[in-house]
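1. take this sequence and fold it.
(chains A and B)
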Amino acid sequence: ETGVTQTPRHLVMGMTNKKSLKCEQHLGHNAMYWYKQSAKKPLELMFVYSLEERVENNSVPSRFSPECPNSSHLFLHLHTLQPEDSALYLCASSQGSGGAADTQYFGPGTRLTVL
Amino acid sequence: QKEVEQDPGPLSVPEGAIVSLNCTYSNSAFQYFMWYRQYSRKGPELLMYTYSSGNKEDGRFTAQVDKSSKYISLFIRDSQPSDSATYLCARGAQGGKLIFGQGTELSVKP
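-> Next up is the predicted model:
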């Protein structure tokens, strides 16, 4: 496996379910990100982890709970979601220099549908 | 005003046409810009990045930054059906964050 991988690729869940999204990066990067991509909207940054420490939480509802056990893995735990949470959830990683030129590399995303 | 504005399209062109994709930005503090290409049902992939003003060329693709007008452009020469995708512009920001435009959907017709 190379680059950034995400599982599952598709997920359908009810509003009362609990599920988790997984991201793994094979690039030796130190920073990882979760984004939400909805139709016709810019990518919304949800969480940023640098060296396994959360450094950004962009006012994301508590029904989304991130976890970064090490610099290669990132999870997004989901519970009691709403239909408006249906979107493509993208994971990205970067070298983690913290500068404005820190290029991010994306995974293929998980297409989430909340019924 | 959005930090990065991009016409969502869709933009449809015939094969072989020159394509011009554009974004405007409002914050001049950071001068690092990126173009990502996103195919349907895939994640964005980095296409090009530029720093400050000027042009950068890579094969059929040219990225251009005009600081005076806060305008960034991506030109695609000799466009191909395989170029059909959504193109996202982004600006680098403090802490390694990226500020994205909403993307322009491009369709190149054979």
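2. just checking, what packs against the helix or strand where A:Ser20 lies?
-> In this structure, A:Ser20 sits in strand A:18-25 according to DSSP states H and E. Helices and strands touching strand A:18-25, as assessed by 3 or more CB pairs under 8 Å, 6 or more residues apart in numbering or on different chains; DSSP states H and E, comprise strand A:4-7, strand A:10-13, strand A:31-37, strand A:73-79, strand A:87-94. Using the backbone N, CA and C atoms, a C-beta is placed for each residue, glycine as well.
3. which of the ones you listed sits closest to A:Thr103?
-> Of all the helices and strands packed on strand A:18-25, strand A:87-94 sits nearest to A:Thr103, with 6.1 Å by CB to CB.
4. and the closest one, what does it pack onto?
-> For strand A:87-94, the elements it packs on are strand A:4-7, strand A:18-25, strand A:31-37, strand A:104-106, strand A:110-114, judged by 3+ CB pairs under 8 Å, 6+ apart.
5. residues in contact with that strand: which ones?
-> A:4, A:6, A:21, A:23, A:25, A:27, A:29-38, A:43, A:74, A:76, A:102-107, A:109-112, B:43-44, B:96 (CB atoms under 8 Å, 6 or more residues apart in numbering or on different chains).
6. how about a cut-off of 7 Å?
-> By CB atoms under 7 Å, 6 or more residues apart in numbering or on different chains, the residues outside strand A:87-94 that reach it are A:4, A:6, A:21, A:23, A:25, A:27, A:29, A:31-38, A:43, A:74, A:76, A:102-107, A:109-112, B:43, B:96.
7. neighbours around residue 74, how many?
-> In the absence of a named chain, this looks at chain A. Neighbours of A:Leu74 under the rule other CB atoms under 10 Å in any protein chain shown: 27.
8. switch to chain B, please.
-> There are 23 residues near B:Leu74, going by other CB under 10 Å.
9. could you do the one 3 residues further on as well?
-> Counted by other CB under 10 Å, the residues lying close to B:Arg77 total 13.
10. hmm, it is touching B:Arg60, no?
-> Yes - using CB atoms under 7 Å, B:Arg77 is in contact with B:Arg60, at 4.6 Å.
11. can you tell me the helix or strand for the spatially closest residue to B:Asn55 that is not a sequence neighbour?
-> Spatially, and ignoring its direct neighbours in sequence, B:Asn55 is nearest to B:Gln64 (5.0 Å; CB to CB, 6 or more residues apart in numbering or on different chains). Take DSSP H and E as the rule and B:Gln64 turns out to sit in strand B:61-66.
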